[in-house]
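[1] Predicted structure and sequence below. I'll ask about it afterward.
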Amino acid sequence: MTARSVSWTDAESIARLLARATVPRRVAASFGRATAPARAAQAAPAPIRPSTAPVARVSTPAPAPSPVVAALAPQPVAVPKFEPPSDNPSDRLDALLAWTLDHQRCTGAFIADDNGLTLAAHGISEAHVSLVGPLLSALVAVRSIPGIDATAGALWLGTNMMSWVEARTERGGFCLGAVGAEALSAEALEQLKQALEVTVKGL
């Protein structure tokens, strides 16, 4: 019996062994190639996309005024209604002048009739007093123009502004004038007119 050489090989046995060894390697290689992209995909961070969700806007309310600022703000002062102190004409005129100087923005005041006669005056110069007569005479002519109301107004007298109101009675007209740095407001003129009407009523 002839002994086998160590170099002898069985072709069929070698083929079966190669087949067994090749299949797992191919499967492992294919599995490795298939899972590599998946692992890379898992490891790679997801791309950041801009959000399309609406952003809620929070409106900040306006701050409330500070109590200190509110306290320092000038408060409107109510003007008391004028009440004549007595039936004496002189006392009533003097009281009206004092009330005007105390509650209106003026430095002087006067009362005159429609003839230009100054009945009472305080805080105005003689030059201003001398202008009262011609002014009231001119206003009589202005009142005759249709559609023109000359019962209240203001005009410059040098460096001062004179505001006036008129009141008509059965005995004629009366004018209350106030001299100051600026013209009186429409509300102030209405207050003067009401005070003048109360004063000259029954004179």
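    Now that the structure is in, tell me what you want to look at.
[2] List the contacts of stretch 82-96.
    Contacts with stretch 82-96, where a contact means CB atoms under 8 Å, 6 or more residues apart in numbering, come from 99, 111, 119-120, 176, 194-196, 198-199, 202-203. Quick note: C-beta positions are derived from backbone N, CA and C, even for glycine.
[3] Output the contacting helices and strands for the helix or strand hosting A188.
    Per DSSP states H and E, A188 falls inside helix 186-200. In terms of contacts (3 or more CB pairs under 8 Å, 6 or more residues apart in numbering; DSSP states H and E), helix 186-200 is packed against helix 89-103, strand 160-169, strand 172-180.
[4] list the buried ones in that helix?
    188-189, 191-193, 195-200 (16 or more other CB atoms under 10 Å).
[5] Export these as a markdown table, with columns for distance to W164 and pLDDT.
    Listed next are the buried residues of helix 186-200 as a markdown table, based on distance: CB to CB, whole Å; pLDDT from 0 to 100:
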| residue | distance to W164 | pLDDT |
| --- | --- | --- |
| A188 | 12 | 95 |
| L189 | 8 | 95 |
| Q191 | 13 | 95 |
| L192 | 8 | 96 |
| K193 | 10 | 94 |
| A195 | 13 | 96 |
| L196 | 10 | 95 |
| E197 | 14 | 94 |
| V198 | 17 | 93 |
| T199 | 14 | 94 |
| V200 | 14 | 91 |
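[6] nearest to I148, of these?
    L189 (16.2 Å; CB to CB).
[7] how much space between that closest one and A141?
    21 Å (CB to CB, to the nearest Å).
[8] Tell me if I am right that S86 is in a strand.
    No. The assignment for S86, made by DSSP: H, G, I helix; E, B strand; the rest coil, is coil rather than a strand.
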